[in-house]
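Undergrad: take a look and give me a structure for this.
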Amino acid sequence: MFNTIVICSDGSANALTAAQTAVGIARENNACVLLLSVDPHAVQTFTVPWQLEAGVTDGVPHINEQQKANFEATVRLCQNAGVHYRFRHETGQPADQIVRVAEEEGADLIVLGSRGLNAWKSLLLGSVSGHVVHHAHCSVLIVR
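TA: Predicted coordinates for the structure are as follows:
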């Protein structure tokens, strides 16, 4: 049912839980996982794909230590499950980039962790997951 699954991570515990769920789905469907990192702070938008190996994230610009740990844990999950994976780093507004990359890659599923924003913050700031759910061309799974 799923051939390409996009996993998006902001380095949070919820993102790692989402990755665990996504890797399980990928294993069951013999799907490829695309690990997506989006840097919202860069001014220029560009695409730089990397093949991420466990422990090799030093070349990824603007990745924080928690994101690095989560990506490495996700890579180990993929490797232990025998799931093929790729890594892609983008810059720009996260929700827009997730939707764009998923469409470019022909993804069948986007898996995101819920940040658990309270109602007030969601009203003022909006949420990445809410935007992705409303604009993605494919199915979206939000994991809590």
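Undergrad: confirm residue 23 sits in a helix?
TA: Yes. Checked against DSSP: H, G, I helix; E, B strand; the rest coil, residue 23 lies within a helix.
Undergrad: wait, it sits on residue 32?
TA: No. Contact criterion C-beta atoms under 8 Å: residue 23 and residue 32 do not qualify, at 11.4 Å. In short, each C-beta sits where N, CA and C put it, glycine included.
Undergrad: between these two, point out the one with more neighbours.
TA: Set residue 23 next to residue 32 and count neighbours by other C-beta atoms under 10 Å: residue 23 wins out with 25 against 19.
Undergrad: for the more buried one, what are its contacts?
TA: 7, 33, 74, 77, 78, 81, 83 (C-beta atoms under 8 Å, 6 or more residues apart in numbering).
Undergrad: any idea which of these has the most stuff around it?
TA: residue 7 leads the contacts of residue 23 on contacts (other C-beta under 10 Å) with 31 neighbours.
Undergrad: state the mean pLDDT of the helix or strand harbouring it.
TA: Using DSSP states H and E, residue 7 sits within strand 4-8. Here strand 4-8 scores 96 as its mean pLDDT.
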